[in-house]
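In: This is the structure alone, sequence omitted:
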């Protein structure tokens, strides 16, 4: 493509007037694409995050991403598994889960930050195909409303304890409160996370420091705690059951990625800080998560063993955990106030992320299936509504069972994608190293990831429910990880990688990346929406101009193209 052609595109900010009969037939759906464009400019719901929008520094992005792990569910999870299996087995399970989550999360976080795409777009080109990743989107959406409900339950516990608000009303308040905070996307979320993090850290860290300094003997009681099983010592089955619950958090990497995709370009000047931010805010979230789980168990054991054995009934509720410690440090009225403030801040920080990420997942899936973009706000309300139903059903009472089951699905998905990146792309070199996400460039379904994930999830769920006997039942997480790790490269070899790319040329004669390997910031005019989009978001349209000139179309316009007229044909086989 000549420079003159590029100039003519850039000098024409409006959409060309339809002249041919084919253009007239496409006018209605083009207007739908324009509406989708206007509504998604704030958060780039369906597509690549352009360089022009990524105006935050690496520190702001990392802080915003880590603000999303302010949830108190870790304290409840740590208390639950420790009270069930004992301290030693719980800590071993937490460590096993943390290692698996860190290793699998690293390649995903790198791809998100380097190529500025979310986990759904990464999944499309990492073994699942354009429509195949819809299934994983649903898995992630389920994660967001499960943990929204969990955090909302914790906030309702705090409102009931501190303000006497009935639990059912607390559920409603904790849900409705989030909706207006999520509407404005990344701009609002970044400010919220940065402003609230210092106070949140102070309220959470001070109680732990106090316990260790004022009651050093509590460490001995903590390490010797045997849980309800009363077995004592290391039991591998118990440790794996604990790990299974913790591994339900594996899908948290997708929420980290919803922030990391806004990382600035990586250059020689910012390389060190860029990598530090990606590792810390990407897979590094699990280090903080594991510490919170251990702290939750530590406080629960302290409350049960030192203060009141009857406290075991509420020792797994974070508001009671922090209230119990605060009461030893300060007057009761101040202790209650700070405990409620901590719960409310934590719930808001994480549930804006749950609602935001869940709405992205639902919107993405719905638009690909129907070619209609209903607006992200619709799915904010849907996601929050489902979470509210779970809260009213008292999901907190059977938390371990829900998370243990869900972990099998989350692990099957994340390990499959991570294996495709690490093994199929870099070691076997079967999968294209540069992630592809655009419609027309990908097959509808790629059996490499899709089949591997179904096989992994299916077998691990069967093991979880005891289909292969009680001896192997606790090891369903191991089954999920191993099957996904083995099946993904095996499927790539068997299919010879032929289902990764439908086309190898997108028809745009312009470099995809700059001199540092970052996605190009060059822009082209999308003839459907009338707006300019950056090079990685664009491909040639199959509909030429009225004079036969080449025209270009954005990935967003392709997502709402119900006729398929703009999609280029597949490469001949």
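Out: Sure, I can see it. The structure presented is a predicted model; accordingly, all values stated were derived computationally and were not measured.

In: what distance separates the start and the end of stretch 118-138?
Out: End-to-end distance for stretch 118-138: 14 Å, by Cα to Cα, to the nearest Å.

In: That one: which residues count as buried?
Out: Within stretch 118-138, the residues that count as buried by 16 or more other Cβ atoms under 10 Å are 118-137. Backbone N, C-alpha and C define where each C-beta goes, glycine included.

In: The most centrally placed residue in the chain and residue 113: what is the separation?
Out: Residue closest to the mean C-alpha point of the chain, counted by Cα atoms, centre = their mean, is residue 254 at 2.0 Å. Distance of residue 254 to residue 113, computed by Cβ to Cβ, to the nearest Å: 14 Å.

In: cool, residue 321 as well?
Out: 34 Å.

In: do residue 53 as well
Out: Distance from residue 53 to residue 113, by Cβ to Cβ: 15 Å.

In: follow-up on the earlier one: give the contact list for the residue nearest to the centre of the chain.
Out: Going by Cβ atoms under 8 Å, 6 or more residues apart in numbering, residue 254 touches 118-119, 140, 143, 357, 361.

In: Out of the residues you listed, which one has the weakest pLDDT?
Out: Among those, residue 357 has the lowest pLDDT, at 78.

In: which strands and helices sit next to the lengthiest helix in the chain?
Out: Scanning the chain for the helix with the most residues, using DSSP state H, yields helix 332-370. Other elements packing on helix 332-370 under the criterion 3 or more Cβ pairs under 8 Å, 6 or more residues apart in numbering; DSSP states H and E are helix 119-123, helix 133-163, helix 179-182, helix 185-214, helix 252-260, helix 318-329, helix 376-392.

In: mean pLDDT lowest for which of those helices?
Out: helix 185-214 (a mean of 71).

In: next SSE after that one?
Out: Using DSSP states H and E, the helix or strand that directly follows helix 185-214 along the chain is helix 218-224.

In: just checking, what packs against that following helix?
Out: In terms of contacts (3+ Cβ pairs under 8 Å, 6+ apart), helix 218-224 is packed against helix 87-115, helix 185-214, helix 285-302.

In: tell me which residues in the shortest one are buried?
Out: Judged by neighbour count (16+ other Cβ under 10 Å), helix 285-302 contains these buried residues: 285-286, 289-290, 292-302.

In: re the thing from before, between the helices and strands packed on helix 218-224, which gets nearest to residue 269?
Out: Ranking the helices and strands packed on helix 218-224 by their distance to residue 269 (criterion: Cβ to Cβ) puts helix 87-115 first, at 16.2 Å.

In: now the closest one against helix 285-302, angle please.
Out: 160 degrees (axes from the mean of the first three to the mean of the last three Cα atoms, to 10 degrees).

In: and helix 87-115, how far out from the chain's middle?
Out: Distance, stretch centre to chain centre, for helix 87-115: 13 Å (Cα atoms, centre = their mean, to the nearest Å).

In: Equivalent analysis for stretch 162-169, please.
Out: Centre-to-centre, stretch 162-169 and its host chain are 30 Å apart (Cα atoms, centre = their mean).

In: what angle do the longest helix of the chain and helix 133-163 make?
Out: Using the same axes, to 10 degrees, the inter-axis angle of helix 332-370 relative to helix 133-163 is 160 degrees.

In: ok, residue 421 touching residue 123?
Out: No - contact criterion Cβ atoms under 8 Å: residue 421 and residue 123 do not qualify, at 10.3 Å.

In: Mean confidence (pLDDT) on stretch 408-426, please.
Out: Stretch 408-426 carries an average pLDDT of 94.

In: Name the residues of it that are buried.
Out: Per 16+ other Cβ under 10 Å, stretch 408-426 contains these buried residues: 408-425.

In: Could you list the single helix or strand in the chain with the lowest mean pLDDT?
Out: One helix or strand of the chain scores below all others by mean pLDDT, DSSP states H and E: helix 3-10, with a mean of 34.

In: In the longest helix of the chain, which residues are buried?
Out: Within helix 332-370, the residues scored as buried using 16+ other Cβ under 10 Å are 335-336, 338-368.

In: For the stretch 401-550 of the chain, which segments are assigned as strands?
Out: Taking DSSP state E, counting those that start in this stretch, the strands of the stretch 401-550 of the chain run over residues 523-525, 532-534, 538-540.

In: Make a markdown table from those and add mean pLDDT to it.
Out: As requested, the strands of the stretch 401-550 of the chain are exported to a markdown table (pLDDT from 0 to 100):
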| stretch | mean pLDDT |
| --- | --- |
| strand 523-525 | 93 |
| strand 532-534 | 90 |
| strand 538-540 | 94 |
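
In: Any chance of those in TSV with mean neighbour count and distance to residue 431 as columns?
Out: Output for the strands of the stretch 401-550 of the chain, formatted as TSV (neighbours: other Cβ atoms under 10 Å; distance: least, Cβ to Cβ, whole Å):
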stretch	mean neighbour count	distance to residue 431
strand 523-525	23	27
strand 532-534	21	24
strand 538-540	24	20
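
In: Among these, which comes closest to residue 506?
Out: strand 538-540 (4.0 Å).

In: Skip ahead from that closest one and say which helix or strand is next.
Out: Downstream of strand 538-540 (by DSSP H and E), the next one is strand 552-554.

In: buried sites along that following strand?
Out: 552-554.

In: Touching stretch 445-458 from outside, list them.
Out: Here stretch 445-458 has contacts from 123, 126-129, 131-132, 135-136, 408-409, 411-413, 415-417, 419-420, 424, 431, 479-480, 483-484, 487-488, 490-492, 495, 497, 499-500, using Cβ under 8 Å, 6+ apart.

In: Is it correct that residue 266 falls within a helix?
Out: No - assigned with DSSP: H, G, I helix; E, B strand; the rest coil, residue 266 falls outside any helix and is coil.

In: Could you list which residues are in contact with it?
Out: The contact partners of residue 266, taken as Cβ under 8 Å, 6+ apart, are 113-114, 274, 516-518.

In: Local confidence estimate at it?
Out: Reported pLDDT for residue 266: 93.

In: Quick check: phi and psi at it.
Out: Dihedral angles phi and psi of residue 266 (degrees, to the nearest 10) take the values phi -80, psi 130.

In: OK, contacts around the residue nearest to residue 411 when sequence neighbours are not counted?
Out: Counting by Cβ to Cβ, 6 or more residues apart in numbering, residue 411 lies nearest to residue 480, which is 4.1 Å off, once chain neighbours are set aside. Contacts for residue 480 (Cβ under 8 Å, 6+ apart) come out as 407-408, 411-412, 415, 456-457, 459-460.
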